[in-house]
Each structure stands twice: as C-alpha cells, then as structure tokens.
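>>> after the sequence you'll find the predicted model.
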Amino acid sequence: MGAMTLARRGNLPQNDDQTTMLVRKIPDGSVIDHIAAGKALSVLRLLGNPQENGFTIAMVMNVSSSKMKRKDIVKVEGMEVSQEQVQRLALIAPRASVNIVRAYRVVAKRNAVPPRTLRGILSCTAPTCVSVREKDSAPSIFFLSGKSPLRYRCKYCGRELTEKEISSQLG
Amino acid sequence: MRGRNEPLGAELVSRDAWKGRDVISILDFSRRELESLFAAASEFVGPPKPRKDLADYIVATAFFEPSTRTRLSFTTAALRLGAKVIDLSPDVSSILKGESLHDTTMMLEGYSDLIVMRHPSEGAALLAAELASVPVVNGGDGSQHHPTQAMLDLFTVKRLKGKIDGLTYTVLGDNRYARSATSFLYGLTKFKPKMVYIVSPETLRPRDEVIKQLKGLGLRFEQRAELEQVIGNTDVLYLTRIQKERFPDPNEYEKVKGSYKLTKEVLAKGRSGMIVLHPLPRSTELPYEIDSEKSSAYMTQAHLGVPLRMALLLKVIGGGRS
Ligand SMILES: [Zn+2]
C-alpha cells in the first residue's frame, strides 16, 4: 500500500513496467503477477504462508494494470513456486503468471493453467446434489467449464461454480 | 457401469450401442439411437403378446421418492418381457435412517441385472452407475434428469405427429424444478424443431446451467411470459405441474402456485392438430375438462410408457433384439 501511495504522489504513470519498480527486484525466488486485486493474501495462504517459514515477502496491492484494471503482485524471496502450486493458483488467480528468478534473471515462466478436472477440492453449492447429500461416500468432481471468467461444473448435478465462489471456497 | 471420467452429455458412442449402457441423461444418446429405440417401441404398441425375451433376468426398481407411473410402467414392461422384478419399496424410512446410497447400490447390484432408480438428489443415478457393475436406468434424479420420460414424450410426438423435426414446441410450466420439462428440452436438442418456446412464471424459468446447455447445443428457443403469445404457432404443448416438493422455500411456492392453468378458451386459440402432453401427475394447471378436448394426448402418452420401456429394457439388457 505504501508503495502505491508513493507512486500516486510522484504522478508516475502506472503501467505494468512501472509497477514492477515499486518493489525492488529479488535476487532469487518467485514473482507472481496478475493476481486479481484483493487476492494477494489468498495467494500467500495457498502457497502455505511462506512468510511464516522465514521467507521474505513483498506485496503490491491494488495497482493499475493494462491487462486487468487492478491487480496484486506477490514476490517471495528464496522460494520457487512449484508446477503443482501454479495449478492450484489458477483457481484463485486464473490470470496469474509466475516468474522464477535466479540471480536476478527470470529462468522460467509458469502460467497458471486451471486443471480440467478437480477432485475433492471444491464443494458443490446445490444443497440437493448427491455429492453434498452423500458426501461421506460420494466424491466431489468438477470439470472446467470456462476460463475467463473461471467456471467449474459439478459432474453430478451440473451446477456451475463462479470464479467468486471458487476463490471464496479456497481463500 | 460407466467410464469414470466421462462427462455427462458426451456422445461417446455414435452407433446404435444400447447393450449394457447406463441411461442417465437423454443427452448421452444420439438421434440415431433414439430413433432405433422408437422403432423398437412401435413393435410393442397394441395388444400385448406373451414374451420370454428376458425370462432369465431380474430387474430391480429402487425408488427413493414416491412414483406411480414410472415405477409401474417399468415393472409392467419387465413383466411383459418375462423378466422378474424385485422392488425396493417406496417405504424409504429405513433407507433414509442411515444406509448410504453407496451401500444400497452395492446390494442391488448383487441381486439384479439392471437397476431402475429414482432419487431426490441430483446425480444419484450417475453415482449409482459409477458404483454398480450392472446398468443403471435413471428414473428421475432430483430436478435434473428423467431420460426415459423424455424418450417417451418424443416417442409420443413421433407417433401422433408423424415426425419430431420441423414442429413448434411450447414447454409451459415449472421449467426450473420439473425434470420432465428439462429432459424434454434436452431431448429436443437431438432433433430439429422449428422453434421451442419456453413459457414459465419468472421464478420458474430454467436454471442458468440448463439455458447454457441448451444454447451450447444449438437449440432454437425463446423464453416467453404468456402462453397466449405463442399458442397460435404451437404444434406440441408440453405442460408440467409446479413441483411443490422441490421448492427450497415454501413461501416461494405459495407465491407461484396456481399461476398458470390451461383453459378451454386458451386452447381454442391453438392451431388445429396441436397436441397437449403432460407427464402427469397433474395439479390445478390441467383441469379435467381438458381431457375431452381433441388435442389432449397425455393419456396416450402415459400408455406409451410401457412399450417404450419394454424396448429400452430389451435394448439395454438384451442388446437390441426386437
Ligand atoms: Zn453438484
């Protein structure tokens, strides 16, 4: 937040390039960009709250973006986000991109790609769905039904979860 | 008994391959498969002859929700083909008291060659089909699918109008909770109707996922508020009762109950040759005075349930002999 205020005062044009300057470059670790505004903390939770395990975190919240109006950015120093984490990241930040940085250079780019099938991760919101009524023995299975906005469709009742519902279940 | 990753509605089999199939949604079947079912069912219309095709088989009916027509027509169909029927009675109290659908399904699988299941939860038949090694036929799952009703409805249209394509359909009533209406709409996506009008009180319009599905499948349809706007163009009027038992909030039911009703006066505005279908049971939307109208076809529709289900059982268990 502080960084953003500074940018406003300085009348800096807030495009994607400028915002990356608001937080210093990291020597090693991961830069997660294009997170929907307000979701940075959820992203950290999904990554297992690395700040509680000694990693240094830098966050930019609610910054202007040419691609998505407002966005958050998270940098985790010293920690490389795994491919599996990127997949799960896609559920709460479907447009996120992850850059893996070593010695100040981007060595890998990982785009968040939502998995086609999700098992046991989401819960159906239809109260009479068999996956809800018989949840002890019935699996929860969702199929990807839309990428932008993100949507998943319950295999059993056809109910679709919206992007908001998905991120609130996971955030 | 299905592939575990198979999404609903996927037409994985384009040829006529009924044997051993689960019947969960009419969307799972191709036009060709439906036409071959109707052809087989036509053979069974008329005075029944004793048959022994399924003499070595046992059909289980498991209805976790009250039903008369669907359960009895499946039972009659099975008996007419020489099969034996075991019935998990609609006295469901003991089941509701604790046994899971999983355990009930595993029991029935061991006792029978085919399970016909009705259940108040959407997806119940699909879940049972994944668990059971014998075919499962969905006799209605919550407000979602009722495939054999839709097959029977289309079969009725075919018999009475000579075709399914090129007609204008009006689906009137509870298009939100009535699985018969949803399944009929899904069934129409397999054919080429001239136009489909969906007429319902505002709170009983089809659910978003159903509208999305119909659009995705390319059905030509329009939503209208009043029957009178479209009855003059309608060839097939499909009526359903308000599904009181599926309203999450009883107050919502009170608000819409009695909100539509077919009258002789409205019917008189229909074009000649129009037929009126209703899956029954009825409530106030279909007064008894309509029964004597030339257009009323719902009793014929109900009777065709037996030949249609005979053809279906024979195709699924016996592999399409007819
Ligand atoms: Zn569901």
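Happy to help now that I have it.
>>> contacts and neighbour counts: CA atoms only from here.
Fine.
>>> ok, and what's touching stretch B:72-80?
The contact list for stretch B:72-80, computed with CA atoms under 8 Å, 6 or more residues apart in numbering or on different chains, reads B:48, B:50-51, B:54, B:59, B:61, B:84-85, B:305-307, B:309-310, B:313.
>>> JSON lines for those residues, including pLDDT?
Formatted as JSON lines, the contacts of stretch B:72-80 follow (pLDDT from 0 to 100):
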{"residue": "B:Pro48", "pLDDT": "88"}
{"residue": "B:Pro50", "pLDDT": "85"}
{"residue": "B:Arg51", "pLDDT": "92"}
{"residue": "B:Leu54", "pLDDT": "95"}
{"residue": "B:Val59", "pLDDT": "97"}
{"residue": "B:Thr61", "pLDDT": "96"}
{"residue": "B:Lys84", "pLDDT": "97"}
{"residue": "B:Val85", "pLDDT": "97"}
{"residue": "B:Gly305", "pLDDT": "97"}
{"residue": "B:Val306", "pLDDT": "97"}
{"residue": "B:Pro307", "pLDDT": "97"}
{"residue": "B:Arg309", "pLDDT": "98"}
{"residue": "B:Met310", "pLDDT": "97"}
{"residue": "B:Leu313", "pLDDT": "97"}
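>>> show me the residues you listed that map onto helices.
Using DSSP state H, the subset of the contacts of stretch B:72-80 located in helices is B:Gly305, B:Val306, B:Pro307, B:Arg309, B:Met310, B:Leu313.
>>> so how far is B:Thr148 from B:Val59?
Distance, B:Val59 to B:Thr148, by CA to CA, to the nearest Å: 16 Å.
>>> in three-state terms, label the residue in chain A positioned nearest to chain B for me.
Taking CA to the nearest CA, chain B has its nearest neighbour within chain A at A:Tyr156, 4.1 Å off. Three-state call for A:Tyr156 (DSSP: H, G, I helix; E, B strand; the rest coil): coil.
>>> give me the nearest residue to it, chain neighbours excluded.
Closest residue in space to A:Tyr156, ignoring its immediate chain neighbours: B:Gly123 at 4.1 Å, by CA to CA, 6 or more residues apart in numbering or on different chains.
>>> how about the ones in helices among the contacts of stretch B:72-80 in JSON lines, adding neighbour count and distance to the ion?
JSON lines is the format used below for the ones in helices among the contacts of stretch B:72-80 (neighbours: other CA atoms under 10 Å in any protein chain shown; distance: CA to the ion, whole Å):
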{"residue": "B:Gly305", "neighbour count": "26", "distance to the ion": "29"}
{"residue": "B:Val306", "neighbour count": "25", "distance to the ion": "31"}
{"residue": "B:Pro307", "neighbour count": "25", "distance to the ion": "33"}
{"residue": "B:Arg309", "neighbour count": "25", "distance to the ion": "28"}
{"residue": "B:Met310", "neighbour count": "26", "distance to the ion": "31"}
{"residue": "B:Leu313", "neighbour count": "24", "distance to the ion": "28"}
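>>> quick check: the residue of chain A closest to chain B touching B:Glu130?
No: A:Tyr156 lies out of contact with B:Glu130 (CA atoms under 8 Å); the separation is 11.1 Å.
>>> tell me which of these two has more neighbours.
A:Tyr156 (27 against 20; other CA atoms under 10 Å in any protein chain shown).
>>> distance check, the more buried one against B:Tyr298.
31 Å.
>>> what do you get for B:Arg309?
According to CA to CA, B:Arg309 and B:Tyr298 sit 17 Å apart.
>>> who's in contact with the residue in chain A positioned nearest to the ion?
As assessed by CA to the ion, the ion sits closest to A:Cys157 within chain A, at 4.1 Å. If you count contacts by CA under 8 Å, 6+ apart, A:Cys157 has them with A:Ala126, A:Cys129, A:Val130, B:Glu122, B:Gly123, B:Gln144.
>>> next, the residue nearest to A:Tyr156: phi, psi?
phi 90, psi 0 (degrees, to the nearest 10).
>>> A:Lys147 too?
phi -100, psi -30.
>>> state the distance from it to A:Leu161.
In this structure, A:Lys147 and A:Leu161 are 12 Å apart, going by CA to CA.
>>> so which residues of the stretch 1-150 of chain B form strands?
Counting by DSSP state E, counting those that start in this stretch, the segments of the stretch 1-150 of chain B that form strands are B:58-63, B:84-88, B:114-119, B:136-141.
>>> if you compare those strands, which one is most tucked away?
Highest mean neighbour count of those: strand B:136-141, a mean of 28 (counted as mean count of other CA atoms under 10 Å in any protein chain shown).
>>> now do it against strand B:58-63, angle only.
Inter-element angle recorded for strand B:136-141 and strand B:58-63: 20 degrees (by axes from the mean of the first three to the mean of the last three CA atoms, to 10 degrees).
>>> tell me, how many residues neighbour the residue in the stretch 201-322 of chain B that the ion sits nearest to?
The ion sits closest to B:Glu209 of the stretch 201-322 of chain B, with a gap of 11.5 Å, by CA to the ion. Residues contacting B:Glu209 under the criterion other CA under 10 Å number 14.
>>> from what I see, it and A:Cys154 are in contact.
No: counting by CA under 8 Å, B:Glu209 stays clear of A:Cys154, with 10.5 Å between them.
>>> overlap in contacts, these two.
Joint contacts of B:Glu209 and A:Cys154 (CA under 8 Å, 6+ apart) are A:Glu160.
>>> who touches the helix ranked longest in chain A?
The longest helix of chain A (DSSP H) is helix A:83-92. Helix A:83-92 has contacts (CA under 8 Å, 6+ apart) with A:39, A:42-43, A:46-47, A:96, A:98, A:110-115, A:150, A:163, A:166-167, A:170-171.
>>> in terms of secondary structure, what does the helix or strand following it contact?
As assigned by DSSP states H and E, the chain's next helix or strand after helix A:83-92 is strand A:97-102. Helices and strands touching strand A:97-102, as assessed by 3 or more CA pairs under 8 Å, 6 or more residues apart in numbering or on different chains; DSSP states H and E, comprise strand A:29-36, strand A:105-111.
>>> so which of these comes closest to B:Phe29?
strand A:105-111 (37.4 Å; CA to CA).
>>> so for the helix or strand following that closest one, what's the average pLDDT?
Along the chain past strand A:105-111, the next helix or strand (assigned with DSSP H and E) turns out to be strand A:117-119. Averaging pLDDT along strand A:117-119 gives 93.
>>> residues in contact with the residue lying closest to B:Met106 once chain neighbours are set aside?
Residue nearest to B:Met106 in three dimensions, not counting chain neighbours: B:Ala132, with 6.4 Å by CA to CA, 6+ apart. Applying CA under 8 Å, 6+ apart, we find B:Ala132 in contact with B:Met1, B:Thr105, B:Met106, B:Glu109.
>>> could those residues go into a markdown table alongside neighbour count and pLDDT?
Formatted as a markdown table, those follow (neighbours: other CA atoms under 10 Å in any protein chain shown; pLDDT from 0 to 100):
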| residue | neighbour count | pLDDT |
| --- | --- | --- |
| B:Met1 | 17 | 70 |
| B:Thr105 | 23 | 94 |
| B:Met106 | 15 | 94 |
| B:Glu109 | 21 | 95 |
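>>> just give me the closest of these to B:Arg176.
Nearest to B:Arg176 among these, with distances taken as CA to CA, is B:Thr105, at 28.3 Å.
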